[in-house]
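Chemist: Below are the sequence and a predicted model for it; my questions follow.
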Amino acid sequence: MSSAPSLPFNVPLGLWLGLSNRPATSGATFEVEDPATGRVIARVADADSPDWNAALDAAVTAQQQWAAVTPRRRSEILTAVFAALSERAEQFATVMTLEMGKPLAEARGEVAYGAEYFRWFAEEAVRIPGRHGLSPTGLGRMTVTRTPVGPVLAITPWNFPLAMAARKIAPALAAGCPVLVKPAAETPLTMLLFGEVLAEVFGRYDAPDGLVSIIPTTRAAELSTELMSDPRLRKVTFTGSTPVGRQLVRQSADGLLRTSMELGGNAPFVVAEDADLDKAVDGAIFAKMRNGGEACTAANRILVHRSVVEDFTSRLVERMSSYRTGHGLQEGSTLGPIITAAQRNRIARLVDSAVQAGATVVTGGHAVDGPGYFFEPTVLTDVPPGQDILTQEIFGPVITVTPFDTLAEGVRLANNTEFGLAAYGFSESVEGASFLAQNLRAGMIGINRAAISDPAAPFGGIGQSGFGREGGVEGIEEYLDIKYLATP
Ligand code: NAD
């Protein structure tokens, strides 16, 4: 299948069954839109049940071949993927901006971040740990090794079309597992382009065909249910919303599949009385506005000590108002569109209902007239407790500011959420910073720092934000089973 004319260069539009790019067996396709214009930019293969099953057949064969490839060689192949991806960074960034909307500079950042997972796990592929010891009774020896869990289904969201898949594919391959990747239907193009990189690198290194298949579909629920009932599939790794995560965990029960769930978040951002306000405002802007607020780690609830809330809010509002909405490929755009009209309308409803309940709009507050699905950078104050905008993920450029009187109260408000992915705290004193570090409740805490994502660190949440970790030395464990060997 050839590229659509509205894409600036050729992107493979078929599904990737291992190393071959082909139409869906049914011949079906679906449309991909540019959210900044609402225009269709491509039609891609809409994989169906025979395609998913063929991908699993290929994965099972590939796993046996991959097991015979030495860790050093696997590491070299992952390093080559890192290099090939980095070389084509500009193409990846352009495709990502076109299908997802983020400004080009941010898309470039995501390519670098996503590629880094291949470099990191290339380094981990040769360090899979084990141990050996004498039993305390002295009657025998114990050897603990790790083996690949087996074929993996990786389901990813639209907000980071490359990075969310990279941090599943890289550790899975490093551990010895083949992967079936189901990209979000809103943003399949980045992964389809990535399939070309894999085909080139795998071809060059004579890696097994079928090690990675990329199988976009509009029937994710049905096909994943079917595939998860096949005993040959051993693991599901999912990044996406909490309700879908719960559904997948339920579905995993019959086959007792290993699961990793990177789910939603509703991050608090606590500014203590003694915070450096320049740093705190910079941090809040980064933590909220990275990816236009469409990030699971996005700071939605800014909690500020009452003595500095006025100063902080006026600086925040000045920075929020300076964003320029526009097509991500357009020079000077710093805020792209929301992914779909439906998501944009959901954000508008959250804001409207907070305002009806008494919240004050300090800046923004409205959807921007089309084309495209833009929403104004928005700051709300005086939001009454319990409003949906405080308890649900916003996933857009909307921030709420709430004052508190003591740091303990700030932390209590921060922890008043069912989610637990990321939390941020700013304080210049040792006491304040350590109080925040110890008492904020989340899988990832940033203290006087808002940029927390790092391929070398374990990314993941607690509570309704899920379980499992991606990145770090922990990330590869998600794809390994433990094997204990007892010997005399
Ligand atoms: P989503 O849950 O609607 O979809 C995620 C993926 O799951 C998509 O590929 C979708 O097609 C697929 N899917 C949907 N229903 C399914 C089903 N029943 N069975 C199998 N697959 C199904 O989420 P989204 O709107 O694409 O992404 C936004 C969500 O992702 C937010 O909640 C965000 O917080 C979360 N997210 C989490 C992290 C993290 O690491 N914790 C990172 C990025 C995004």
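Modeler: Received it, and whenever you're ready, just let me know what you need. Numbering: from 1, shown residues only.
Chemist: Contacts for stretch 461-473 next, please.
Modeler: 117, 120, 124, 127, 167-168, 171, 237, 242, 245, 259-265, 296, 417-422, 441-444, 454-460, 475, 477-478 (CB atoms under 8 Å, 6 or more residues apart in numbering). In short, each C-beta sits where N, CA and C put it, glycine included.
Chemist: per-residue confidence at the spatially most central residue of the chain?
Modeler: The centroid of the chain falls nearest to M164 when counting by CA atoms, centre = their mean (4.0 Å). M164 carries a pLDDT value of 98.
Chemist: please begin residue numbering at 18 from this point
Modeler: Sure thing, new numbering starts at 18, so read that last one as M181.
Chemist: what helix or strand is it on?
Modeler: M181 belongs to helix 180-192 when assigned by DSSP states H and E.
Chemist: and if you look at T164?
Modeler: Using DSSP H and E, T164 sits in strand 158-165.
Chemist: who touches L333 in this structure?
Modeler: 298, 301-302, 319, 396, 416, 418.
Chemist: ranges for the strands of the stretch 168-317 of the chain?
Modeler: Using DSSP state E, counting those that start in this stretch, the strands of the stretch 168-317 of the chain run over residues 169-172, 196-199, 229-231, 252-256, 275-279, 284-288, 316-322.
Chemist: Enumerate the residues of the protein near the ligand.
Modeler: 172-177, 181, 199, 201-202, 237-238, 241, 256-258, 261, 264-265, 279-282, 313, 410, 438, 478, 482 (CB under 6 Å from any ligand atom).
Chemist: Now which of those would you call buried?
Modeler: 172-177, 181, 199, 201-202, 237, 241, 256-257, 261, 265, 279-282, 313, 410, 438, 478, 482 (16 or more other CB atoms under 10 Å).
Chemist: Name all residues that make contact with the closest residue to the ligand within the stretch 118-267 of the chain.
Modeler: Per CB to the nearest ligand atom, G257 is where the stretch 118-267 of the chain lies closest to the ligand, at 2.7 Å. With contact taken as CB under 8 Å, 6+ apart, G257 is in contact with 172-174, 201, 279-280.
Chemist: where in the chain is pLDDT low?
Modeler: 18-22 (pLDDT under 70).
Chemist: any idea how it splits into domains?
Modeler: 32-279+482-504, 284-470 (automatic domain parsing).
Chemist: elements contacting the helix holding M181?
Modeler: Applying 3 or more CB pairs under 8 Å, 6 or more residues apart in numbering; DSSP states H and E, one finds that helix 180-192 contacts helix 88-104, helix 121-142, strand 169-172, strand 196-199, strand 252-256.
Chemist: mind checking how far the second one is from the chain centre?
Modeler: On the basis of CA atoms, centre = their mean, to the nearest Å, the separation between the geometric centre of helix 121-142 and that of its chain is 12 Å.
Chemist: Could you do the fourth one as well?
Modeler: Mean-position distance between strand 196-199 and its chain equals 15 Å (CA atoms, centre = their mean).
Chemist: Can you give the contact residues for that strand?
Modeler: Under the criterion CB under 8 Å, 6+ apart, residues 69, 72-73, 76, 168-173, 182, 185-186, 189-190, 208, 228-234, 237, 240-241, 244 lie in contact with strand 196-199.
Chemist: repeat that for 7 Å
Modeler: For strand 196-199, the external contacting residues (CB atoms under 7 Å, 6 or more residues apart in numbering) are 72-73, 76, 168-173, 182, 185-186, 189, 208, 229-234, 237.
Chemist: swap in the last one?
Modeler: For strand 252-256, contacts defined as CB under 7 Å, 6+ apart pick out 166-167, 169-174, 181, 185, 245, 262, 265, 269, 274-279, 495-496.
Chemist: Can I get the strand holding T164 as CSV, trimmed to CA atoms?
Modeler: Extracted C-alpha coordinates of strand 158-165, given in CSV (Å, rounded to 0.1, in the frame of the first residue of the first chain):
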residue,chain,number,x,y,z
ARG,A,158,22.4,-25.2,46.1
MET,A,159,20.0,-22.7,44.5
THR,A,160,20.4,-21.1,41.2
VAL,A,161,17.9,-18.4,40.1
THR,A,162,17.7,-17.5,36.5
ARG,A,163,15.2,-15.6,34.3
THR,A,164,13.5,-16.7,31.2
PRO,A,165,11.4,-14.7,28.6
